[in-house]
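Trainee: sequence unknown, structure follows:
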């Protein structure tokens, strides 16, 4: 008897997963890093940010061509995927506290806080692909789209804003390779991506990734581009000492609901029972509680103490979080996930040792590039990580055994 054909996935389900992917990737990176890049490097930096961000995420739906490939990767690299969710949740909590502390006890601060709580509640258990999760994904995307239209109406007729010449405009070529390296490789550790990939058949999953990141997520980045210059003009006042705390109301609401959605998703990955796209087993929620506490404490300290290198302390913390996505996580994918010539991969002791040495050597250079803003230091830092791949050796005999099997 022939095998029964797999059930077809409806177009609405594909689009719902596309909305889920777009919202799950609209972090405090996509909503705020372009603002800093515009300030420091000029308008071209936003394009350098957007292209690998969209392309790298969309390509994951092609590289992992079916749900089984995603399941194997998660099973083999569960600890790294869990760490990715832990850092991501803590990062969102830090930025949300930074935003809310800037708003204070104003009406909009309370509205955003209520919106955050509401989003976390209605999201429910995002590990179960139910109509509720799909509806929540569309709701979050629609709210952000409405905020963008609201923002356009409010700022209709505003005079063009002329920002000062960026101090680091000539340094963008040093930064661009790090951005490409980070955004092309980081998606493979994001459990929300794996959840979508494992919930859809091969072709439908690829379509959902393409629509989610090349269309829907592109709309979210367009909103960031629109409010970046006004935010710099009003909030930063041409300095680097302030933060996103005085963003106008549509931007504030957009940030609040998107942060809440990301927090709800990654909190579920940390506390739920092990599953196909979720290696977490912390039923008591220590990781989630710790993420909220660490994020809130860092934001409080950022307001309390002076910064470094003419950056506010909160921006220093923000940039340190970014080092995970520009260095730590992509280096892990580069050294531990991408197979060697023998077709093997995995967090073996030799690979982890190479990773540790590479991170130890590259970290001071990334500090000089990201914090001290001596951007050229990023080139040798990235070079160390890339060259470390030469130290990742194939398993002895693996290639020979594979060739023998082919000949037989």
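Mentor: Thanks, I have the structure now. Just so it is clear, the model here is predicted, and its values are computed rather than measured. Residues are numbered from 1 along each chain as shown.
Trainee: do you know how far residue 339 is from residue 74?
Mentor: To residue 74, residue 339 is 16 Å away according to C-beta to C-beta, to the nearest Å. Yep, even glycine has a C-beta here, placed from its N, CA and C like the rest.
Trainee: Can you get me a residue count around the nearest residue to residue 232 once chain neighbours are set aside?
Mentor: Leaving aside its sequence neighbours, residue 232 sits nearest to residue 39 (C-beta to C-beta, 6 or more residues apart in numbering; 5.5 Å). The tally of other residues near residue 39 (other C-beta atoms under 10 Å) stands at 22.
Trainee: how about residue 39, secondary structure?
Mentor: With DSSP: H, G, I helix; E, B strand; the rest coil as the basis, residue 39 sits in helix.
Trainee: That one reaches residue 165, doesn't it?
Mentor: No: the pair residue 39 / residue 165 is not scored as a contact, 11.0 Å apart, by C-beta atoms under 8 Å.
Trainee: where does the stretch 151-300 of the chain have low pLDDT?
Mentor: 235-247, 272-284 (pLDDT under 70).
Trainee: what do you get if the cut-off is 80, keeping everything else the same?
Mentor: 157-165, 233-248, 272-285 (pLDDT under 80).
Trainee: Now do the helices in it.
Mentor: For the stretch 151-300 of the chain, helices defined by DSSP state H, counting those that start in this stretch occupy the ranges 172-185, 191-199, 202-211, 217-231, 249-271, 286-304.
Trainee: Could you dump those into CSV and include mean neighbour count?
Mentor: Converted to CSV, the helices of the stretch 151-300 of the chain look like this (neighbours: other C-beta atoms under 10 Å):
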stretch, mean neighbour count
helix 172-185, 20
helix 191-199, 26
helix 202-211, 20
helix 217-231, 19
helix 249-271, 25
helix 286-304, 17
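Trainee: how about TSV for the ones you listed, with distance to residue 66 added?
Mentor: What follows is the helices of the stretch 151-300 of the chain, written out as TSV (distance: least, C-beta to C-beta, whole Å):
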stretch	distance to residue 66
helix 172-185	20
helix 191-199	8
helix 202-211	4
helix 217-231	22
helix 249-271	21
helix 286-304	30
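Trainee: do you know which of those lies nearest residue 325?
Mentor: When the helices of the stretch 151-300 of the chain are compared by C-beta to C-beta, helix 172-185 sits nearest residue 325, at 5.1 Å.
Trainee: now for the helices of the stretch 151-300 of the chain, which one comes closest to residue 361?
Mentor: Using C-beta to C-beta, these put helix 172-185 closest to residue 361, at 15.3 Å.
Trainee: Now do that closest one: which elements does it pack against?
Mentor: helix 44-63, helix 329-332, helix 349-370, helix 378-388 (3 or more C-beta pairs under 8 Å, 6 or more residues apart in numbering; DSSP states H and E).
Trainee: How far does the last one sit from its chain's centre?
Mentor: Its chain's C-alpha centre and that of helix 378-388 lie 22 Å apart, by C-alpha atoms, centre = their mean, to the nearest Å.
Trainee: re earlier: which one of the helices of the stretch 151-300 of the chain lies nearest to residue 86?
Mentor: helix 286-304 (5.3 Å).
Trainee: Name the next helix or strand downstream of the closest one, please.
Mentor: Using DSSP states H and E, the helix or strand that follows helix 286-304 in sequence is helix 313-323.
Trainee: what comes into contact with that next one?
Mentor: 28-29, 32-33, 36, 87, 90-91, 94-95, 98, 240, 243, 298-299, 301-303, 305-309, 311, 363, 366-367, 370-371 (C-beta atoms under 8 Å, 6 or more residues apart in numbering).
Trainee: Which members of those residues are classed as buried?
Mentor: Buried by 16 or more other C-beta atoms under 10 Å: 28-29, 32-33, 36, 87, 90-91, 94-95, 98, 240, 243, 298-299, 302, 307, 311, 366-367, 370-371, out of the contacts of helix 313-323.
Trainee: Report the separation between the residue nearest to residue 53 when sequence neighbours are not counted and residue 380.
Mentor: Leaving out its chain neighbours, the residue that sits closest to residue 53 by C-beta to C-beta, 6+ apart is residue 183, at 4.7 Å. Applying C-beta to C-beta, the value for residue 183 to residue 380 is 21 Å.
Trainee: circling back to that earlier point, quick one, which of the helices of the stretch 151-300 of the chain gets closest to residue 151.
Mentor: Closest among those, using C-beta to C-beta: helix 249-271, at 4.0 Å.
Trainee: and that closest one, how far from the chain's centre?
Mentor: Centroid separation for helix 249-271 versus its chain: 12 Å, with C-alpha atoms, centre = their mean.
Trainee: So which elements touch it?
Mentor: Identification of packing neighbours for helix 249-271 by 3+ C-beta pairs under 8 Å, 6+ apart yields helix 11-24, helix 78-103, helix 107-123, helix 131-154, helix 191-199, helix 217-231, helix 286-304.
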